[in-house]
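Engineer: structure, please.
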Amino acid sequence: MVNKKLFNSNLEIEKSLEKLTKSKKDILRDQLDVIISKLPLGLSSLIENGFKYKRIPKEYLLSSVLFAFSAATGRTFFIDAFGYKNYANLYFVIIGSRGDVKSEAIKTATAPIKKADDIDYETFLFDNRDLGKDDKEIKRRQTLIQNATIEAAQQIHFENPNSIGLCLDEIYGLVQKMANPNSRDGVEWRNFFLEGYTNDYIDVSRKTSLSFRIPESYPTLIGGLQHQFVKDLFANGNLESGFIDRLLFTTKLTENRKLRKEGIPPGCLEQYNHSIKNLLDYKKQSENPEELRKQFKIPFTKEAELMLFNYVQNLIDEKEIAQPMIKEYMSKMQISIHKFCLLSFMMLNASESTFKSEITEESVELAIALNEFYFLNFQVIIEDAIKAEHNKISIDDVVAMGKKNGATQKAVTEVTGVHKSTISRKWGDD
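Structural biologist: A predicted model of the protein is given here:
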């Protein structure tokens, strides 16, 4: 008897054929095009013009835009589906090489939030200009954090409970701390993001400073990471704790080698900045002590809720037959899809501030496309890491090969990038 696989739609047939004929990166490029086509004009134009005029890879700017919307949304908006309350905070890691314009992507997308933070900082300085010894300092409002200790980040979040966004050009320093079992800061940073992903409470008790409690946390994260450091992300508890499963990786997919003198058209930037400002204004209003309504629940249409239900059920079913590392990641996808639904809604409605409407099938379709895009990126990261491990040649092997072929110690040092004293010692060991 011949087993026949039954397909429920043309889309499933297309996906199966893609797996047979296309590489994962080819599929990712197709998915990226679909996602950009589903975005509102203000966002898709920024991504396309950023690629055209500043040579920013489209996928890098997409992740940066998602981070900006995530940070600007905060706890002002939430959804409640299938008994679970969810916010729109997510963690993004941009993977690339030096010179891949990772930082420019983050800078471009977060520019309107930085501008708002700059204004709030000037207000903070003005309000505290004549502060007396016994006067209480007026707290500083801010959304983005660049350089901070874990203690400072927790304190800033306590003073800005709606959201904080950790925004790093390079995430490697944070990764190093987390991978070091002797680093107390590293462990606390990891716990901060583990608890924050599901918006759990954060309770800080200290002997030497004020103790405080954040009932519902909302951290967001974005940072660049070079290819060779990806393996460090999986070290010393990051994988086992589930931190890795909460990260949305972006691999390099697009490249523009044509240099242009012009920058991104001002009108395009203004349209994008307007959307972010609308969100920030809502968040700021909800933070006003006199504001009675602090949060807004965004409901689903029946059709959209059914679409989300079917997708999550499919994730549960597929998880049961997935490989171990993929299985754990798919568990978190059941959470991230909720976050993406809210984030998609915010992006589709921010330009007109139509936040009192419902989440429709359009938002859920975009959310599913995003969830699947980052899932496939994760698979590419895992495969690349496995290949790199298999292809790795030990320093001892390189030294032996160099001696066999009459190479000098200096030549071996230059090829491996290992310190000359190490090469010299191994050279003498033989």
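
Engineer: helices of the stretch 251-400 of the chain, residue ranges please.
Structural biologist: Using DSSP state H, counting those that start in this stretch, the helices of the stretch 251-400 of the chain run over 266-286, 302-319, 324-349, 361-391, 395-404.

Engineer: tell me what the first one is packed against?
Structural biologist: Here helix 266-286 is seen to pack against helix 41-54, helix 58-73, helix 102-127 when contacts are counted using 3 or more Cβ pairs under 8 Å, 6 or more residues apart in numbering; DSSP states H and E. Where C-beta positions appear, they are placed from N, C-alpha and C, glycine not excepted.

Engineer: nearest to Leu39, of the helices of the stretch 251-400 of the chain?
Structural biologist: Closest of the helices of the stretch 251-400 of the chain to Leu39 is helix 324-349, at 6.6 Å (criterion: Cβ to Cβ).

Engineer: domains for the protein, by residue range?
Structural biologist: 15-122+140-390, 393-429 (automatic domain parsing).

Engineer: export the helices and strands packed on helix 266-286 as CSV, with columns for distance to Ser421.
Structural biologist: What follows is the helices and strands packed on helix 266-286, written out as CSV (distance: least, Cβ to Cβ, whole Å):
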stretch, distance to Ser421
helix 41-54, 42
helix 58-73, 38
helix 102-127, 33
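
Engineer: looking at these, which one is packed in the most?
Structural biologist: When the helices and strands packed on helix 266-286 are scored by mean count of other Cβ atoms under 10 Å, the highest mean neighbour count falls to helix 58-73 (a mean of 28).

Engineer: and the helix or strand following that one, what does it pack against?
Structural biologist: On the C-terminal side of helix 58-73, the closest following helix or strand by DSSP states H and E is strand 77-81. Applying 3+ Cβ pairs under 8 Å, 6+ apart, we find strand 77-81 packed against strand 84-86, strand 296-297, helix 324-349.

Engineer: quick one: the shortest one to chain centroid distance?
Structural biologist: In terms of Cα atoms, centre = their mean, to the nearest Å, the gap separating the centre of strand 296-297 from the centre of its chain is 24 Å.

Engineer: ok, stretch 236-246 next?
Structural biologist: Per Cα atoms, centre = their mean, the centroid offset for stretch 236-246 relative to its chain is 15 Å.

Engineer: then stretch 318-331?
Structural biologist: That offset, for stretch 318-331, works out to 21 Å (Cα atoms, centre = their mean).

Engineer: the residue nearest the centre of the chain: what's it in contact with?
Structural biologist: Nearest to the mean C-alpha position of the chain, by Cα atoms, centre = their mean, lies Phe92 at 1.2 Å. Counting by Cβ atoms under 8 Å, 6 or more residues apart in numbering, Phe92 makes contact with Ser63, Ser64, Leu66, Phe67, Leu221, Ile222, Gly223, Leu247, Leu248, Thr250.

Engineer: please report the distance of the third one from Val380.
Structural biologist: When you say that, I think you mean Leu66. Leu66 is 18 Å from Val380, where distance means Cβ to Cβ, to the nearest Å.

Engineer: same check, this time on Ala71
Structural biologist: 26 Å.

Engineer: okay, the helix or strand hosting Gly196 in PDB with CA atoms only?
Structural biologist: Using DSSP H and E, Gly196 sits in helix 184-197. The C-alpha trace of helix 184-197 is given here as PDB (Å, rounded to 0.1, in the frame of the first residue of the first chain):
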ATOM      1  CA  ARG A 184      27.200  37.400  39.200                       C
ATOM      2  CA  ASP A 185      26.200  40.100  36.700                       C
ATOM      3  CA  GLY A 186      25.900  37.500  33.900                       C
ATOM      4  CA  VAL A 187      23.600  35.300  35.900                       C
ATOM      5  CA  GLU A 188      21.500  38.300  36.900                       C
ATOM      6  CA  TRP A 189      21.300  39.600  33.300                       C
ATOM      7  CA  ARG A 190      20.100  36.200  32.100                       C
ATOM      8  CA  ASN A 191      17.500  36.000  34.800                       C
ATOM      9  CA  PHE A 192      16.400  39.500  34.000                       C
ATOM     10  CA  PHE A 193      15.600  38.500  30.400                       C
ATOM     11  CA  LEU A 194      14.200  35.100  31.300                       C
ATOM     12  CA  GLU A 195      11.700  36.700  33.700                       C
ATOM     13  CA  GLY A 196      11.100  39.700  31.500                       C
ATOM     14  CA  TYR A 197      10.100  37.600  28.500                       C
END
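
Engineer: got the angle between it and helix 324-349?
Structural biologist: Computed by axes from the mean of the first three to the mean of the last three Cα atoms, to 10 degrees, the angle separating helix 184-197 from helix 324-349 equals 60 degrees.

Engineer: now helix 184-197: mean pLDDT?
Structural biologist: Rounded to a whole number, the mean pLDDT of helix 184-197 is 91.

Engineer: what helices and strands are in contact with that helix?
Structural biologist: Checked by 3+ Cβ pairs under 8 Å, 6+ apart, helix 184-197 has helix 150-159, helix 172-179, strand 202-204, strand 219-226 packed alongside it.

Engineer: let's have the ones you listed in CSV, adding mean neighbour count and mean pLDDT.
Structural biologist: CSV is the format used below for the helices and strands packed on helix 184-197 (neighbours: other Cβ atoms under 10 Å; pLDDT from 0 to 100):
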stretch, mean neighbour count, mean pLDDT
helix 150-159, 17, 93
helix 172-179, 18, 85
strand 202-204, 16, 90
strand 219-226, 24, 95
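
Engineer: tell me which of those sits nearest to Pro57.
Structural biologist: Here strand 219-226 is closest among the helices and strands packed on helix 184-197 (Cβ to Cβ), at 11.5 Å.

Engineer: what pairs with that closest one, and is each one parallel or antiparallel?
Structural biologist: Sheet partners assigned to strand 219-226 using DSSP bridges are listed as strand 91-96 (parallel), strand 164-170 (parallel).

Engineer: quick one: contacts of the longest one?
Structural biologist: For strand 164-170, the external contacting residues (Cβ under 8 Å, 6+ apart) are 67, 70-71, 102-103, 106, 110, 113, 142-146, 148, 153, 156-157, 174, 218-226.

Engineer: so which of the helices and strands packed on helix 266-286 is nearest Gly196?
Structural biologist: Minimum separation from Gly196 across the helices and strands packed on helix 266-286 (Cβ to Cβ) falls at helix 58-73, 11.8 Å.

Engineer: how many neighbouring residues does Lys297 have?
Structural biologist: Neighbours of Lys297 under the rule other Cβ atoms under 10 Å: 9.

Engineer: does it touch Phe78 like I think?
Structural biologist: Yes - at 5.9 Å, Lys297 and Phe78 qualify as touching, with contact defined as Cβ atoms under 8 Å.
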